[in-house]
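>>> Sequence first, then the predicted structure:
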Amino acid sequence: MDTQTTRRPLSGRQRRRVTAKLLFVLAGTLAFLLSVTLWFLVEDRETAMYVGLWVPSLFSLGALVVSHEGER
């Protein structure tokens, strides 16, 4: 019995969804790292909190964009 699975190449739509997911996760991660850097290293607490609010916003926007892409 052959247990190997063959992978099919991604379609254009699937490739765009994966790219969109990666971009939003990357943007959220960078915003988080910037927020932590501002909080601990620069000690600019107000700006750090402001930037920290971007993280859930970016993740929510990414989920909205990716789910809308799947409806097409």
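Structure's in. What do you need?

>>> give me the low-pLDDT residue ranges for this structure?
Low-confidence segments of the chain (pLDDT under 70): 1-3, 69-72.

>>> Can you pull the phi/psi pair for the residue nearest the centre of the chain?
Compute the mean C-alpha point of the chain, and by CA atoms, centre = their mean the closest residue is Val25, 1.6 Å away. The phi/psi pair for Val25 (degrees, to the nearest 10) reads phi -70, psi -40.

>>> Quick check: it vs Val18, distance?
According to CB to CB, to the nearest Å, Val25 and Val18 sit 11 Å apart. From N, CA and C alone the C-beta is placed, and that goes for glycine too.

>>> What of Leu26?
12 Å.

>>> What of Thr5?
Taking CB to CB, one finds Thr5 at 19 Å from Val18.

>>> who's more crowded, the two?
Legend: neighbour count by other CB atoms under 10 Å for Thr5 and Val18, higher for Val18 (12 against 6).
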